[in-house]
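Asker: This is a predicted model, with the sequence first.
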Amino acid sequence: MTKHAPVSVLALFCTLAAVNADTLLFTDAFELKVQNDGLLSTLGADVPGYFIDGGTAAGDSAHAYDFIRFENLFGSGPGQIPEGATILDASLTMWTAVRSNAQSGGPFGVAPLLAPFAATNVYSDYSGSGVGLEAGPSYFNQHTGRPAGGFSALTQGNASSADVTLVLQQWTANPTAAFGFAIQARTTDGWYLETTGSSTVEHRPSLTVNYTTVPTTTFHFQQDMNAYTGTTTALLDANGVTTNGAILGNAAFVDGPNAAGDSRDIQALLKFDNLFGTADGQIKPGETILRAYLVLTTGSSTESHSGGMFDVHQMLVDWDTTSTFSTFGGDGPTVEQNEIGLPLSTVHGMTQNSQALFDVTDAVRSWQSGAGNFGLNVQSNTTDGWNMFFSGAANPAARPELVVVTGVPEPGSAALVGIAACGLLGLRRRRA
């Protein structure tokens, strides 16, 4: 397993100071389990935990969702996200109970609810033509927005977090639509999670939000959207065949190899050109990159989902759509051969139609500083393949997207004070 490089306390302090970021932890939540067994829904506060599941055709396991709404997220009071704030990242944390069969491989997707819910809501309130895992309050039935973030590899007595940054960013733009999350099973391997009624307070659901109030600009680089045409993608297969992502109208699998040889190493290469400059839609000189994300969309077929894990790496050598595994020494891009950097971030818990967000801030900052922009590489740490869209997706909105949030701190602002303090700390450290 590849190890991640450690992050120094100094680097973490400087990152937070430079962007004048604030972090909030929300634990005041209203939680409800809705299931298709004809029973009334269960309030999370009334029980220490419960199973959510995809159900079975035989009916011996109910199809159950978990709804969670964190109260008073937005406002001008202490502990609230202020109006006009920019969400930098957000995570939903859940705990798996210690009891028989509580664990699950997942995946479980997290999606924003599109309407309020109350204790009186039941499964039958959420009608639609979806069947099986798509039944009930699903994205397919238009009761939730697109899933964004997920859970997988859930083990007893441990916490797991889903990246819900995209959902919080949607809510910040329209706080009145913050109706809560739906956790949706894409498996019949049920998960027993601890609820708002857990006797261990620290094991109750929590939402962590990191935001900034400095003026920001958000850039979206996505092929054929907003006049941007700088994306190049490729599907790199260990069988020696590379497919230009521009001709992939449907989603394609990225996967990892196994000893039996019935699962090949298949990777994704992605490049976003013309990011920096003075033209409209480009990141201007002097702008500080606060965050950068690679957003990939999962296919809609029943086998599209994957528990993960999948890593994204910065490419350190150039490539094009004719490059093959043999271009990279026969084994594809590797850290050992200095063709890619260490993993920038990892995603897991991808469900049908979901969006997965990789943090690629370090790569984009390095490109801004003059490093060669050779793009990004997505590799699998699993043989549970992930079906994702490339730059030729028939629906332009499903194509890979690079999102970059920048800021230009005002003179004398706390952000600049933070940058200056980091400079002094760095100088002192070098002299020590």
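Answerer: Thanks, I have the structure now. Given the structure is predicted, the values throughout are model-derived calculations rather than measurements.
Asker: Work out for me the element the residue nearest the centre of the chain sits within.
Answerer: For the chain, L357 is the residue whose C-alpha lies nearest the centre (CA atoms, centre = their mean; 3.3 Å). Element membership for L357 (DSSP states H and E) is strand 355-359.
Asker: average pLDDT for that strand?
Answerer: Taken as a whole, strand 355-359 has a mean pLDDT of 96.
Asker: can you pull the alpha-carbon coordinates of that strand into CSV?
Answerer: This file holds the C-alpha atoms of strand 355-359, laid out as CSV (Å, rounded to 0.1, in the frame of the first residue of the first chain):
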residue,chain,number,x,y,z
GLN,A,355,-20.4,12.7,-8.1
ALA,A,356,-17.0,12.0,-6.5
LEU,A,357,-14.7,14.8,-5.4
PHE,A,358,-10.9,14.5,-5.3
ASP,A,359,-8.9,17.3,-3.6
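Asker: Give me the distance between the helix or strand just after that strand and the centre of its chain.
Answerer: Note on strand 355-359: by DSSP H and E, the next helix or strand toward the C-terminus is helix 361-368. Relative to the centre of its chain, helix 361-368 is centred 19 Å away, using CA atoms, centre = their mean, to the nearest Å.
Asker: One more: stretch 242-256?
Answerer: With CA atoms, centre = their mean, you get 20 Å for stretch 242-256.
Asker: what's the answer for stretch 309-323, then?
Answerer: How far stretch 309-323 lies from its chain's middle: 20 Å, per CA atoms, centre = their mean.
Asker: Over to stretch 64-82?
Answerer: With CA atoms, centre = their mean, you get 19 Å for stretch 64-82.
Asker: Can I get it as PDB, trimmed to CA atoms?
Answerer: The C-alpha trace of stretch 64-82 is given here as PDB (Å, rounded to 0.1, in the frame of the first residue of the first chain):
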ATOM      1  CA  ALA A  64     -34.300   1.400   4.600                       C
ATOM      2  CA  TYR A  65     -32.900   4.900   4.200                       C
ATOM      3  CA  ASP A  66     -31.500   7.200   6.900                       C
ATOM      4  CA  PHE A  67     -32.500  10.900   6.800                       C
ATOM      5  CA  ILE A  68     -30.400  13.400   8.800                       C
ATOM      6  CA  ARG A  69     -30.900  17.200   9.000                       C
ATOM      7  CA  PHE A  70     -28.500  19.300  11.000                       C
ATOM      8  CA  GLU A  71     -30.300  22.300  12.500                       C
ATOM      9  CA  ASN A  72     -29.400  26.000  12.200                       C
ATOM     10  CA  LEU A  73     -26.500  25.600   9.800                       C
ATOM     11  CA  PHE A  74     -26.800  29.100   8.300                       C
ATOM     12  CA  GLY A  75     -27.200  32.400   9.900                       C
ATOM     13  CA  SER A  76     -25.400  35.300  11.700                       C
ATOM     14  CA  GLY A  77     -25.200  33.700  15.100                       C
ATOM     15  CA  PRO A  78     -22.300  32.000  16.800                       C
ATOM     16  CA  GLY A  79     -21.600  28.600  15.400                       C
ATOM     17  CA  GLN A  80     -23.400  29.200  12.100                       C
ATOM     18  CA  ILE A  81     -22.200  29.500   8.500                       C
ATOM     19  CA  PRO A  82     -22.500  33.200   7.700                       C
END
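Asker: Buried residues of it, list them for me.
Answerer: By neighbour count with 16 or more other CB atoms under 10 Å, stretch 64-82 contains the buried residues 64-70, 73-74, 81. (C-beta placed from N, C-alpha, C; glycine too.)
Asker: Closest one of those to R204?
Answerer: For these, the residue nearest R204 by CB to CB is I68; the value is 10.2 Å.
Asker: And the buried residues of stretch 64-82, which two are furthest apart?
Answerer: A64 and I81 (30.0 Å).
Asker: beta partners of L296?
Answerer: With DSSP bridges as the criterion, L296 is bridged to A356.
Asker: ok, T93 - contacts?
Answerer: Residues near T93 by CB atoms under 8 Å, 6 or more residues apart in numbering: 159-161, 205-208.
Asker: Could you say which helix or strand holds it?
Answerer: Going by DSSP H and E, T93 is in strand 86-95.
Asker: For stretch 317-327, give me every contacting residue.
Answerer: Counting by CB under 8 Å, 6+ apart, 232, 234, 236-238, 240-242, 244-246, 265, 269, 271, 328, 331-333, 338-339, 372, 374-375 sit against stretch 317-327.
Asker: buried set for stretch 148-158?
Answerer: 148-154.
Asker: Look at it and report the distance between its end residues.
Answerer: This stretch, stretch 148-158, spans 22 Å end to end (CA to CA, to the nearest Å).
Asker: roughly how far is that stretch from the heart of the chain?
Answerer: With CA atoms, centre = their mean, you get 13 Å for stretch 148-158.
Asker: and what of stretch 248-264?
Answerer: 21 Å.
Asker: list the buried ones in it?
Answerer: Quick answer for stretch 248-264 (16+ other CB under 10 Å): 248, 251-256, 263-264.
Asker: what does that stretch contact?
Answerer: Residues from elsewhere that reach stretch 248-264, judged by CB under 8 Å, 6+ apart: 233, 235, 237-239, 243, 265-268, 297-301, 304, 310, 378-383, 385-394, 398.
Asker: Among the residues you listed, which lie within strands?
Answerer: 233, 235, 237, 243, 266-268, 297, 310, 378-380, 386-388 (DSSP state E).
Asker: What is the most widely separated pair among these?
Answerer: The widest separation within the ones in strands among the contacts of stretch 248-264 (CB to CB) is 20.5 Å, between D237 and T297.
Asker: Counting neighbours, go ahead and name the busier of these two.
Answerer: Legend: neighbour count by other CB atoms under 10 Å for D237 and T297, higher for T297 (25 against 20).
Asker: Looking at the ones in strands among the contacts of stretch 248-264, which one is closest to A182?
Answerer: Closest approach between the ones in strands among the contacts of stretch 248-264 and A182, by CB to CB: T297, at 18.6 Å.
Asker: any idea how far the closest one is from P343?
Answerer: 21 Å (CB to CB, to the nearest Å).
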